[in-house]
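Undergrad: what's the 3D shape of this:
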Amino acid sequence: MPITGGLSEPEPATPEIQHIADQVKQQLESKENTKYSMFKAILYRSQVVAGTNYFIKMQVSDNSYIHLRVFQRLPYENQGPTLDGFQTGKTRDDPLTYF
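TA: Got it, this is the predicted structure:
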């Protein structure tokens with residue numbers, strides 16, 4: 001169980017994490033003005049706040065990765081995830097850290 005406010009250890013992405021990332025893909029593509037044919041969640045970390053921040057390492061081509069910060073509101077708020085930040089130009093080996 002993650003500690004409130006603390007960042008969890010990196011874990012392999014699950015289908016749920018891929019689903020969360022897929023829901024913010026369009027937000028990222030409009031901010032980057034590009035389309036990603038590959039959009040595969042590799043690793044993630046989570047941070048429990050008033051909702052959950054997810055830090056997700058996404059593979060977007062053979063050698064190109066992006067880190068996403070996605071905020072998922074509490075379930076009773078009935079809203080989808082929001083892309084709160086992203087970092088481009090990442091490699092598979094770059095650590096997934098808070099940003």
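
Undergrad: can you confirm residue 93 is in a strand?
TA: No. Using DSSP: H, G, I helix; E, B strand; the rest coil, the assignment for residue 93 is coil, not a strand.

Undergrad: Show the pLDDT at it.
TA: pLDDT recorded at residue 93 is 95.

Undergrad: same deal with residue 3?
TA: The model's pLDDT for residue 3 equals 53.

Undergrad: Residue 19 too?
TA: pLDDT, residue 19: 96.

Undergrad: Quick check: which ranges of this structure have low pLDDT?
TA: Residue ranges of the chain with pLDDT under 70: 1-5.

Undergrad: Which stretches in it count as helices?
TA: 15-32 (DSSP state H).

Undergrad: Now do the strands for it: every range, in order, please.
TA: Counting by DSSP state E, the chain has strands at residues 11-12, 40-49, 51-61, 64-72, 82-90.

Undergrad: Within its sheet, name the partner strands of the last one and how each one runs.
TA: Paired neighbours of strand 82-90 in the sheet (DSSP bridges): strand 64-72 (antiparallel).

Undergrad: what comes up buried for the strand it pairs with?
TA: Residues 65, 66, 67, 68, 69, 70, 71, 72 are the ones in strand 64-72 that count as buried (16 or more other CB atoms under 10 Å). To be clear about C-beta, it is placed using only N, CA and C from the backbone, and glycine gets the same treatment.

Undergrad: Let's have the residues you listed in JSON lines, adding distance to residue 10.
TA: Below are those laid out as JSON lines (distance: CB to CB, whole Å):
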{"residue": "65", "distance to residue 10": "13"}
{"residue": "66", "distance to residue 10": "16"}
{"residue": "67", "distance to residue 10": "11"}
{"residue": "68", "distance to residue 10": "14"}
{"residue": "69", "distance to residue 10": "14"}
{"residue": "70", "distance to residue 10": "15"}
{"residue": "71", "distance to residue 10": "19"}
{"residue": "72", "distance to residue 10": "18"}
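
Undergrad: what's the nearest residue to residue 10 if we skip its chain neighbours?
TA: By the measure of CB to CB, 6 or more residues apart in numbering, the closest residue to residue 10 outside its immediate chain neighbours is residue 43, 4.9 Å from it.
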